[in-house]
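> attaching a predicted model along with its sequence, questions to come.
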Amino acid sequence: MKVSLIQMNSISDKPANIAAATKLIERAVAEERPDWIGLPECFDFLGGHRSDKQAAAEAFPDGPAYSAMQALARRHRVFIHAGSILEKAEGEERIRNTTVVFDREGVEVARYRKIHMFDITAPDGTEYRESAAFAPGDAVATYPCEDMIVGCSICYDIRFPDLFQALVAKGAEMIALPAAFTLQTGKDHWEVLCRARAIETQTYFCAIAQTGAHVIGNETRHSYGHSLVVDPWGHVVAKASDGVGIVSTRLELARVKKVRQQIPVAQHRVRFDAEPQ
């Protein structure tokens, strides 16, 4: 299966972001002919105030981002893992950070709402309070793509290994992580975490990133970029250059099976469910 990762520099202009994603997807189809295309977190809208995010959010299956990705998947007969889209949440003041996946017919085959909220203080003192704007999801999601099962995750989820073990328990052989990793944390943690999750799950790990600057109020923030694919042994087999662009590679299910035979961790796993005495 051939995959193409679309690295973007989304901003607080939804029509411009959808147009940019469309152009990059069509370029990937023309140049790479992939089976699966992945977009980054919040590809449709990144930055702005909380009120801007709420105004940009859409209700599925209506809305311009959902409709555009569905149409592209159908037109080009390709799976599109639509990073994440700002989704309105019924009965909730906050919105959701939601992945939607379309198959080659444009049929929605998966929907995943980000579970772990990025509420941290960065090394330079910058505070991130994602839970103020976004309501967390509570369900694990996988879907079939060609001969593989793909697991869904988003950005900060990467720091919680239990989620990825849950995806493997549901059959995942490839895991997608759309992200908008900060420059500060990304330069030290991004590749290490991606490789760790691939090694411990023995899956292909496809991490699709935002890159460059976006503005929130009077503050400019920077995303790390460096979209990459890690194989089940932990080798980085494809990595994007700096800036907006596309990186592609081929995934082999046989590679997943071979690694799992060589080190059968699933057979050796001990569960620690009992309370300590």
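Good, I have the coordinates. This structure is a prediction, so every number in the text was calculated from the model and none was measured.

> now for Pro144, how many residues are close by?
Using other C-beta atoms under 10 Å, Pro144 has 13 other residues around it. C-beta coordinates here come from the backbone N, C-alpha and C atoms, glycine included.

> for Ile154, see how far away it is.
20 Å (C-beta to C-beta, to the nearest Å).

> go on, Gln267?
The spacing between Gln267 and Ile154, counted by C-beta to C-beta, is 30 Å.

> more neighbours, these two?
Neighbour comparison, Gln267 and Ile154: the larger count goes to Ile154, with 26 against 7 (by other C-beta under 10 Å).

> isn't the more buried one up against Lys114?
Yes. Using C-beta atoms under 8 Å, Ile154 makes contact with Lys114 at a distance of 4.1 Å.

> overlap in contacts, those two.
With C-beta atoms under 8 Å, 6 or more residues apart in numbering applied, the overlap between the contact sets of Ile154 and Lys114 consists of 84, 97, 99.

> now rank the residues you listed by neighbours and give me the top one.
The most neighbours, when the shared contacts of Ile154 and Lys114 are compared by other C-beta under 10 Å, belong to Asn97, which has 31 neighbours.

> for it, which three-state class applies?
Under the three-state scheme (DSSP: H, G, I helix; E, B strand; the rest coil), the conformation of Asn97 reads as strand.

> for it, which non-adjacent residue is closest in space?
Of all residues beyond its chain neighbours, the one nearest Asn97 is Lys114 (4.1 Å), with distances taken as C-beta to C-beta, 6 or more residues apart in numbering.

> same check on Val265?
Ranked by C-beta to C-beta, 6+ apart and with sequence neighbours excluded, the top spatial neighbour of Val265 is Gln202, at 6.8 Å.

> any idea how far Val215 is from the one you found?
40 Å.

> more neighbours: those two, which one.
For Gln202 and Val215, the more surrounded residue by other C-beta under 10 Å is Gln202, and the numbers stand at 25 against 13.

> mind checking pLDDT for the more buried one?
At Gln202, the pLDDT value in this model is 98.
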